[in-house]
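> Have a look at this fold, sequence not included:
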């Protein structure tokens, strides 16, 4: 059995795509082992013999059929998320709500990289490492120039920018509860 971390996009945000985590856990437990949920935004840890792509499709289908929501489902193995967390180029002393990470759908194209270089982002910083975009927003997301909309538009973002805290906490939580 393999442990997977699953992140749902846009669940329980601003009264939309409401899914009670207890109900989701119950539904997932019908097909998977050691199902655990972490906070209300759709962070899940479970065990299965399925492949990552098969699990992603199955969870998407389950949510659509059981709850009527068409949400994006992102599945990671703990070791791949660990690489991302350990690769964060920004100081671990920075407040967690000022450092973010997002995952791109594919390798960034030259025009996408150029789009980032053409706008003045100071004092914001970013580091693009393959398909992972790390960014530091000293004034927070609410006042950012480097917004999730900009990232999604210019980089085919797979997962919107989030503080690195949920990823890190979910990763650590999955390791401590296996």
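Cool, got the structure. Source: prediction; values computed, not measured.

> Could you count how many residues lie near residue 144?
By other Cβ atoms under 10 Å, the residues close to residue 144 number 18. Heads up, the C-betas are built off the backbone N, CA and C, glycines and all.

> In contact with residue 134: list those residues for me.
Taking Cβ atoms under 8 Å, 6 or more residues apart in numbering, we find residue 134 in contact with 87-90, 99-101, 126-128.

> Buried ones among these?
Buried members of these, counted by 16 or more other Cβ atoms under 10 Å: 88, 90, 99-101, 126, 128.

> tell me how far the ends of stretch 9-29 are from each other?
Start-to-end span of stretch 9-29 (Cα to Cα, to the nearest Å) is 20 Å.

> hmm, I was thinking of stretch 45-58
OK, stretch 45-58 end separation, Cα to Cα: 15 Å.

> mind listing what's buried in that stretch?
Those would be 45-48, 50, 52, 55-56, 58, for stretch 45-58 by 16+ other Cβ under 10 Å.

> With stretch 12-19 instead?
Judged by neighbour count using 16+ other Cβ under 10 Å, the buried positions of stretch 12-19 are 12, 17, 19.

> any idea of the mean pLDDT in that stretch?
In this model, stretch 12-19 has a mean pLDDT of 88.

> OK, contacts around residue 72?
Contacts of residue 72 by Cβ under 8 Å, 6+ apart are 8-10, 60, 159.

> rerun at 7 Å
residue 9 (Cβ atoms under 7 Å, 6 or more residues apart in numbering).

> try residue 173
Counting by Cβ under 7 Å, 6+ apart, residue 173 touches residue 38.

> cool, residue 133 as well?
102, 104, 126, 151, 155.

> shaky segments in this protein?
105, 156-167, 177-178 (pLDDT under 70).

> Which other helices and strands does the lengthiest helix in the chain contact?
Once the chain is assigned using DSSP state H, the helix that runs over the most residues is helix 52-67. The contact analysis (3 or more Cβ pairs under 7 Å, 6 or more residues apart in numbering; DSSP states H and E) places helix 52-67 against strand 2-8, strand 73-76.
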